[in-house]
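One predicted model, sequence on top.
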Protein chains: 2
Amino acid sequence: MSATVEELSPRAREVVAAARELLEAEGAEAFTMRHVADRLGVRAPSLYKHVPDKETLEAAIIAEGLAESAERFEAAVVADRRRPLRALAAAYRAFALEHPHLYRLMTERPLRRDLLPPDVEERAAAPLVEAAGSVDRARAVWAFAHGMTILELNGRFPPDADVERAWREGIRAFEPPR
Amino acid sequence: MSATVEELSPRAREVVAAARELLEAEGAEAFTMRHVADRLGVRAPSLYKHVPDKETLEAAIIAEGLAESAERFEAAVVADRRRPLRALAAAYRAFALEHPHLYRLMTERPLRRDLLPPDVEERAAAPLVEAAGSVDRARAVWAFAHGMTILELNGRFPPDADVERAWREGIRAFEPPR
DNA sequence: GTCTATAGTGGGATAGAC
DNA sequence: GTCTATCCCACTATAGAC
């Protein structure tokens, strides 16, 4: 019975939009069904007429995030064909820092692939796989980028750390020697 | 008023031990003051006579985790002097997979350095800084290792992903050419 | 499509008696 | 050092009327 994003009713899409705004503005702790309902001027139980449960709502938001980041990655490699890895790293970091709460939601749990449109995940990954030269290398680069990003978002680097330099060191390590 | 681990009373240390056992066995959601109390055969409010609050309890557990991982990193570089980065990566991953819930606690939030013994963090980092050749490179390698680890723990790699190969690709990228 | 009412579950923390 | 009682908070989800 699990509906994919595209199969949602118009009213359900409004629920998704409100939920995403709430998440992005106030973070995961504030992301409750009550608060989503508040944004729509409605009571929480009413949401369940449109969306089966909270997980489906989250999956719909994640699908949007994947689609949007795919677009940005595609644009990044087009804009800098000579150093695609560096361009992708910059685009990746920028997206995450612009949407920290969404980014966390997208990475902190197993993907409910059964609730996502068929190819979003692959499309988001494609530019990096291309730039890295193999899936395995792409996963290593992704791990580096995610590690940098999430450690920064988590405030885990020491206060005096030079995050930019660490990014540069990682990119240099993965880029082919020029 | 914030006490460091060493300043805890004997009874408080028992509370920390019970809390850690609980966390490691049942995960962060199960890690509540009520459940910690259950483990000790006591009511939750009694804990507050020994530990000021939950955050201090968490900091004490994190301090243990940092000290133990420091020991393992030190042993790893001694055991394989020719490829310290590979040895450290293996030790890092092993520690995280053996203590997944502890590992999450140690990385998912800003370190409360004010609640930790003075040099634990630096000691845990030292072997990698040495092996990587600079702090910035060390942070890049750490990000890669953390990214691999947490994406694996989060179940975020596709089901068919070959995690070992990705690890090898990352280590190869950061190791000096031989 | 929305409501009220409510079930059921859980959390951290404090006051004050023993 | 431990207790009971309690405060106050939060959540997801359902039943059934309108």
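Arrived safely.

how about A:Asp119, phi and psi?
A:Asp119 has phi and psi values of phi -110, psi 10 when expressed as degrees, to the nearest 10.

Show me what the lengthiest helix in chain A is packed up against.
With secondary structure taken from DSSP state H, chain A has its longest helix at helix A:54-79. Contact here means 3 or more CB pairs under 8 Å, 6 or more residues apart in numbering or on different chains; DSSP states H and E; on that basis helix A:54-79 packs against helix A:10-26, helix A:84-98, helix A:100-107, helix A:120-132. The way it works is simple: take the backbone N, C-alpha and C, and place the C-beta from them, glycine included.

least reliable of those going by mean pLDDT?
Ranked by mean pLDDT, those bottom out at helix A:10-26, which scores a mean of 93.

What residues of whichever helix or strand comes after that helix count as buried?
Next helix or strand after helix A:10-26 toward the C-terminus (DSSP states H and E): helix A:33-40. With burial defined by 16 or more other CB atoms under 10 Å in any protein chain shown, the residues of helix A:33-40 counted as buried are A:33, A:35-37, A:40.

do the same with stretch A:63-76
A:63-67, A:69-70, A:72-74, A:76.

hang on, A:Leu116 packs against A:Ile62?
Yes. If you go by CB atoms under 8 Å, A:Leu116 and A:Ile62 touch, sitting 7.0 Å apart.

Comparing the two, which residue is more hemmed in?
Per other CB atoms under 10 Å in any protein chain shown, whichever of A:Leu116 and A:Ile62 has more neighbours is A:Ile62, with 23 against 18.

Would you confirm that the more buried one contacts A:Leu111?
Yes. Under the criterion of CB under 8 Å, A:Ile62 makes contact with A:Leu111 at 7.2 Å.

Count the neighbours of A:Val141 for me.
Counted with other CB under 10 Å, A:Val141 comes out at 30.

so what's it up against?
Residues in contact with A:Val141 (CB atoms under 8 Å, 6 or more residues apart in numbering or on different chains) are A:85, A:88-89, A:128, A:132, A:174.

Kindly reformat the residues you listed as a markdown table and extend each row with distance to DNA strand C and neighbour count.
Formatted as a markdown table, the contacts of A:Val141 follow (distance: CB to the nearest atom of the strand, whole Å; neighbours: other CB atoms under 10 Å in any protein chain shown):
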| residue | distance to DNA strand C | neighbour count |
| --- | --- | --- |
| A:Leu85 | 43 | 22 |
| A:Leu88 | 40 | 26 |
| A:Ala89 | 38 | 25 |
| A:Leu128 | 39 | 22 |
| A:Ala132 | 42 | 21 |
| A:Phe174 | 41 | 24 |
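
filter those residues by proximity to chain B?
By CB under 8 Å from any CB of the partner chain, the members of the contacts of A:Val141 lying near chain B are A:Phe174.

contact partners of the helix or strand harbouring A:Glu164?
Using DSSP H and E, A:Glu164 sits in helix A:163-174. With CB under 8 Å, 6+ apart as the contact definition, helix A:163-174 has outside contacts at A:85-86, A:89, A:93, A:132, A:137, A:140-141, A:144-145, A:148, A:152, A:157, B:134, B:136-137, B:139-140, B:143-144, B:173-174.

Chain A against DNA strand C: which residues are in contact?
Within chain A, the residues that sit near DNA strand C (CB under 7 Å from any atom of the strand) are A:9-11, A:37, A:40-43, A:45-46, A:49-50.

what do you get if the cut-off is 6 Å, keeping everything else the same?
Residues of chain A found near DNA strand C (CB under 6 Å from any atom of the strand) are A:9, A:11, A:42-43, A:45-46, A:49-50.

is it possible to export the contacts of A:Val141 to a markdown table including distance to DNA strand D?
Formatted as a markdown table, those follow (distance: CB to the nearest atom of the strand, whole Å):
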| residue | distance to DNA strand D |
| --- | --- |
| A:Leu85 | 39 |
| A:Leu88 | 34 |
| A:Ala89 | 34 |
| A:Leu128 | 33 |
| A:Ala132 | 37 |
| A:Phe174 | 39 |
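
Same list (the contacts of A:Val141) but as a markdown table, adding distance to B:His101.
Below are those laid out as a markdown table (distance: CB to CB, whole Å):
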| residue | distance to B:His101 |
| --- | --- |
| A:Leu85 | 34 |
| A:Leu88 | 32 |
| A:Ala89 | 30 |
| A:Leu128 | 30 |
| A:Ala132 | 32 |
| A:Phe174 | 31 |
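
Nearest to chain B among the contacts of A:Val141?
Distance ranking of the contacts of A:Val141 against chain B, using CB to the nearest CB, places A:Phe174 first at 5.1 Å.

separation between that closest one and A:Ile62?
To A:Ile62, A:Phe174 is 26 Å away according to CB to CB, to the nearest Å.

A:Ala94 too?
From A:Ala94 across to A:Ile62, the span is 19 Å (CB to CB).

same thing with A:Tyr103?
As for A:Tyr103, its distance to A:Ile62 is 10 Å (criterion: CB to CB).

Next: A:Glu98.
16 Å.

Same check on A:Val16?
As judged by CB to CB, A:Val16 and A:Ile62 stand 11 Å apart.

Once you drop chain neighbours, what's closest to A:Ala59?
Computed as CB to CB, 6 or more residues apart in numbering or on different chains, the closest residue to A:Ala59 that is not its neighbour in sequence is A:Leu115, at 3.6 Å.

now swap in A:Arg113 and tell me
Spatial nearest neighbour of A:Arg113, chain neighbours left out: A:Glu121 (6.8 Å); criterion: CB to CB, 6+ apart.
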